[in-house]
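Student: what's the 3D shape of this:
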Amino acid sequence: MKITLDLRSDIPIYIQIVEQVRQKIVSGDLKPGDQLPTVRSLASDLRINFNTVSRAYRLLDEAGIISTQQGRGTYILEMPPPEIAERLRLESLGALARRYLVEARRLGFSLEQAVDHISLQAHAPLTNLSNLE
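Tutor: Got it, this is the predicted structure:
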């Protein structure tokens with residue numbers, strides 16, 4: 001599982017992990033039954049304290065997104081009911097918007113400039129979706 005952290009972001013690292021796992025579920029990159037890396041393994045891969053990953057996993061567990069089974073590992077739970085799946089989708093969109101605005105602000109753009117640019121991009125033809133990745 002690939003998680004990318006922005007250590008300069010105002011968003012806490014454990015929240016970045018939670019949001020990225022949610023996004024991976026919504027996009028289908030993570031499916032029910034998929035096993036997540038152990039806390040220590042992910043912490044080692046990301047070069048962060050294992051307590052940070054543990055906190056993220058705890059939040060995901062409390063939200064009913066994952067289940068940690070002692071001695072067996074951590075797994076993505078079955079797809080939630082449609083209303084919860086839609087809530088997760090909206091939360092992921094909100095997280096994406098927050099990250100965009102934080103980065104735009106870091107680059108020196110105003111909120112108005114960032115929103116105007118999104119509006120322009122939304123109306124531009126999407127002839128090559130590979131440019132968005």
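Student: If we go by neighbour counts, what in stretch 106-124 is buried?
Tutor: A114 (16 or more other CB atoms under 10 Å). Just so you know, the C-beta spots here come from the backbone N, C-alpha and C atoms, and that holds for glycine as well.
Student: pLDDT (mean, whole number) over it?
Tutor: Per-region confidence: stretch 106-124 scores 88 on mean pLDDT.
Student: ditto for stretch 71-87
Tutor: Stretch 71-87 comes out at a mean pLDDT of 81.
Student: so T74 makes contact with S67?
Tutor: Yes: T74 is within contact range of S67, at 7.1 Å (criterion: CB atoms under 8 Å).
Student: between the two, who's got more neighbours?
Tutor: T74 (18 against 14; other CB atoms under 10 Å).
Student: so what secondary structure elements neighbour the helix or strand harbouring the more buried one?
Tutor: Assigned by DSSP states H and E, T74 belongs to strand 73-76. On a contact count with 3 or more CB pairs under 8 Å, 6 or more residues apart in numbering; DSSP states H and E, strand 73-76 meets strand 35-36, strand 66-69.
Student: Please could you give me each C-alpha atom of the longest one, formatted as PDB?
Tutor: These are the backbone C-alpha positions of strand 66-69, laid out as PDB (Å, rounded to 0.1, in the frame of the first residue of the first chain):
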ATOM      1  CA  ILE A  66     -10.900  -1.700   9.200                       C
ATOM      2  CA  SER A  67     -10.600  -4.400  11.800                       C
ATOM      3  CA  THR A  68      -7.500  -5.500  13.600                       C
ATOM      4  CA  GLN A  69      -7.400  -9.100  14.700                       C
END
